[in-house]
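A.B. asks: I'll drop the sequence and a predicted model, then ask my questions.
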Amino acid sequence: MLPRSKLCDPRRQINQHHGYGAESLYMTRRRWDYFVRHLLAADPPHEYELHPPAPGQECNVVCLLKIARRMNDGFRSQERAQSGACPRPADRRTALSRRDFPGCNTKAGADTRATLRSFCGDLSGIFRAVEYRNIEAGLSCIMGIGSDAWDHLFGQPRPAELHPFREVRAGARHAVSTPEDLLFHIRARHMDLCFELATQIMARIGGAVSPVDEVHGFKNFDDRDLVGFVDGTENPRGEAVADAALVGEEDAAFAGGSYVMVQKYLHDMTGWNALSTEAQEKIIGRKKLSDIELDESVKPTSSHSSLTTIEENGKEIKILRDNMPFGQAAHGEFGTYFIGYCRSPRTLEQMLENMFVGRPPGNYDRLLDFSRAVTGNLFFAPSATFLEQVMEG
């Protein structure tokens, strides 16, 4: 127990009354912190002090909620994105250091369809139950559905650009297609929450699916991949996130959803580490230590950053990358799990074409001399509204 001198310290009494009404500063601060974290996706200032409201200013929490919603408008659409489908600023890897990527194929039969449609409507409740165990851990979950599974589960209408992953082959370079039906992208600051949510999901649908792959990613130092470079520097920010990642009125029935492309890359670290830092920087197109992009006068047109820059009518078309390193050091496995969210899969498919075939053909991404794709899938993550409205039958 703290000594009385500490308990009486007025600095320790700020925001610590647990009552309501005139003694509600503690509860107000807890609500305030919650709204700031989960609507603004920011860290509340630790030293900020709340004071009893002056007459006529008793609506602190409601006003804050309205302000937070206005500031967060850029990350929402008319249809609610799934938790994490349109990450807010604090949802970048600096905050979320654990990822699970379970992938499954559905089993045949009417019972499978009924089980999975029922699960779609219940996923948000399962998520909230697990999230509530540690709200500050930033848990999120996105459910993606493959092209064939969509037809089986929902039929028509279907997202306008959903189709099986299109493989790309050029010489020894191969973006393989490994069709899967369902993807669950689970993220949190703590592995236990990821594992618990994956466990609860599989408890509900395990009899209706066959697990294909499960990858556990992690945050690597200052957001670097295992080849040593910062990943995701050019991700959109602010209102541009929704513009890049979420379907809009061009496909109104699926507004608020997102196309999700995933690939699992394995790296030849022995060969990569044999290169000089300067050679690595020319392959990536950035300085390794500072993450500054190389000047166009010295950056090769075959650099990774050059070939993954897509422009239409003079405007760069962004995607939202959420890659994570993974591996098993004892087995010599070092990889990057690529996951890209986009408004249209055409952007990602053009990136793959540039990387594997080249722009122009033959001017391919030299990173592929040290990295090979072992999986490739395209999913559609519908809005939370869509999932909640799915009826069994």
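C.D. replies: Yes, it's here.

A.B. asks: so what's Leu307 scoring on pLDDT?
C.D. replies: Each residue has a pLDDT score; the one for Leu307 is 98.

A.B. asks: number of nearby residues for it?
C.D. replies: Residues lying near Leu307 (other C-beta atoms under 10 Å) number 26. In short, each C-beta sits where N, CA and C put it, glycine included.

A.B. asks: same thing with Pro159?
C.D. replies: Pro159 has 22 nearby residues by other C-beta under 10 Å.

A.B. asks: again, but for the one 10 residues further on
C.D. replies: Arg169: 11 surrounding residues under other C-beta under 10 Å.

A.B. asks: that one: what secondary structure?
C.D. replies: Classification of Arg169 into helix, strand or coil gives strand, according to DSSP: H, G, I helix; E, B strand; the rest coil.

A.B. asks: where's it relative to Val230, distance?
C.D. replies: Relative to Val230, Arg169 is positioned 30 Å away (criterion: C-beta to C-beta, to the nearest Å).

A.B. asks: can you check Lys299 too?
C.D. replies: Between Lys299 and Val230 the distance is 16 Å, computed by C-beta to C-beta.

A.B. asks: check Leu275 too.
C.D. replies: As defined by C-beta to C-beta, Leu275 lies at a distance of 18 Å from Val230.

A.B. asks: which one of the two has more residues nearby?
C.D. replies: More crowded of Leu275 and Val230, by other C-beta under 10 Å: Val230, with 19 against 16.

A.B. asks: check contacts around that one.
C.D. replies: The contact partners of Val230, taken as C-beta atoms under 8 Å, 6 or more residues apart in numbering, are 222-224, 286, 291.

A.B. asks: which one of those residues is nearest Ser147?
C.D. replies: Asp223 (31.8 Å; C-beta to C-beta).

A.B. asks: which stretches of this structure form helices?
C.D. replies: Secondary structure of the chain by DSSP state H: the helices cover 4-7, 10-13, 25-38, 60-71, 110-131, 147-153, 191-205, 240-245, 269-273, 277-284, 304-307, 345-356, 384-388.

A.B. asks: comparing those helices by mean pLDDT, which bottoms out?
C.D. replies: In terms of average pLDDT, helix 60-71 trails the rest of the helices of the chain, at a mean of 35.

A.B. asks: and stretch 339-350, how far from the chain's centre?
C.D. replies: Offset of stretch 339-350 from its chain centre (C-alpha atoms, centre = their mean, to the nearest Å): 14 Å.

A.B. asks: let's number from 11 now, not from 1
C.D. replies: Sure, I'll start numbering at 11, so the last one becomes stretch 349-360.

A.B. asks: what does it rub up against?
C.D. replies: Under C-beta under 8 Å, 6+ apart, the answer for stretch 349-360 is 95-96, 111, 171, 173, 176, 195, 253-258, 268-272, 320, 327, 329-334, 388, 391.

A.B. asks: wait, doesn't Leu163 sit right on Leu126?
C.D. replies: Yes - the pair formed by Leu163 and Leu126 meets the contact definition of C-beta atoms under 8 Å, at 5.7 Å.

A.B. asks: please parse the protein into its domains.
C.D. replies: Residue ranges of the domains in the chain are recorded as 14-81, 99-398, according to automatic domain parsing.

A.B. asks: adding distance to Ala91, write the ones you listed out as JSON lines.
C.D. replies: Compiled in JSON lines, the domains of the chain are given as follows (distance: least, C-beta to C-beta, whole Å):
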{"stretch": "domain 14-81", "distance to Ala91": "13"}
{"stretch": "domain 99-398", "distance to Ala91": "5"}
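
A.B. asks: buried deepest among these, which one?
C.D. replies: domain 99-398 (a mean of 18; mean count of other C-beta atoms under 10 Å).

A.B. asks: ok now that domain, how far from the chain's centre?
C.D. replies: Its chain's average C-alpha position is 8 Å from that of domain 99-398, according to C-alpha atoms, centre = their mean.

A.B. asks: give me the nearest residue to Gly345, chain neighbours excluded.
C.D. replies: Nearest residue to Gly345 in three dimensions, chain neighbours excluded: Leu276, at 4.8 Å (C-beta to C-beta, 6 or more residues apart in numbering).

A.B. asks: list the residues that contact the one you found.
C.D. replies: For Leu276, the set of contacting residues under the criterion of C-beta under 8 Å, 6+ apart consists of 343-345, 381-382, 384.

A.B. asks: likewise Asn364?
C.D. replies: 317-318, 320, 375.

A.B. asks: farthest pair in those?
C.D. replies: Of all pairs drawn from those, the greatest distance, 13.6 Å, lies between Ile320 and Asp375 (C-beta to C-beta).

A.B. asks: return the distance of the nearest residue to Arg296 once chain neighbours are set aside relative to Gly242.
C.D. replies: In this structure, Arg296 finds its nearest non-sequential neighbour in Glu303, 5.3 Å apart by C-beta to C-beta, 6+ apart. With distances taken as C-beta to C-beta, Glu303 is found 14 Å from Gly242.

A.B. asks: repeat that for Asp161.
C.D. replies: When C-beta to C-beta is the yardstick, Asp161 and Gly242 sit 33 Å from each other.

A.B. asks: and what of Lys292?
C.D. replies: Taking C-beta to C-beta, one finds Lys292 at 20 Å from Gly242.

A.B. asks: one more: Pro221?
C.D. replies: If you measure Pro221 against Gly242 using C-beta to C-beta, the figure is 28 Å.

A.B. asks: beta partners of Asn387?
C.D. replies: Under DSSP bridges, the beta-bridge partners of Asn387 are Val272.

A.B. asks: again, but for Pro335
C.D. replies: Using DSSP bridges, the beta-bridge partners of Pro335 come out as Thr346.
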